[in-house]
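Asks: Turn this into a model:
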Amino acid sequence: MSGRIKPIRSQAYLESRQIDKQFFNSSAWETTRKIVLNRDCYLCQTCLKNNIVQPANQVDHITPRKALARNKWLDASECQTLCVVCHSAKTIAGG
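Replies: Numbering: from 1, shown residues only. Below you'll find the model as predicted:
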């Protein structure tokens, strides 16, 4: 035994994580992701607003996915390409 205590997760949390996993592994998300990356020319949209050209490969929901109606999850107009730094900063800030 490693001595580490395994955190107790609520059933709602576990179900939410399962939905996330299914969504992000779906072919529908992969299609939307490719559309967004190509539309944004694989460039970070936040960096571009600051006149910085930064290659990027992460697709972010502009409005957090959990706040969107489910029928908007695959809407490319609700998504943007971000670099790792900008995506992490947005996620930490709660967006």
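Asks: Next up, the contacts around residue 83.
Replies: 44, 46, 47, 54, 55, 56, 58 (Cβ atoms under 8 Å, 6 or more residues apart in numbering). C-beta coordinates here come from the backbone N, C-alpha and C atoms, glycine included.
Asks: among the residues you listed, which are in strands?
Replies: residue 58 (DSSP state E).
Asks: Okay, strands next: where are they in the protein?
Replies: Secondary structure of the chain (DSSP E): strands located at 58-61, 79-82.
Asks: residues making contact with the last one?
Replies: Contacts to strand 79-82, defined as Cβ under 8 Å, 6+ apart, come from residues 32-33, 36-37, 39-40, 42-46, 56-62, 90.
Asks: Select from those residues every entry located in helices.
Replies: Of the contacts of strand 79-82, the ones assigned to helices by DSSP state H are 32, 33, 36, 37, 39, 45, 46, 90.
Asks: list the contacts for the spatially most central residue of the chain?
Replies: The centre of the chain sits closest to residue 60, judged by Cα atoms, centre = their mean, with a distance of 3.9 Å. With contact set as Cβ under 8 Å, 6+ apart, residue 60 has these partners: 79, 80, 81, 82, 87, 90.
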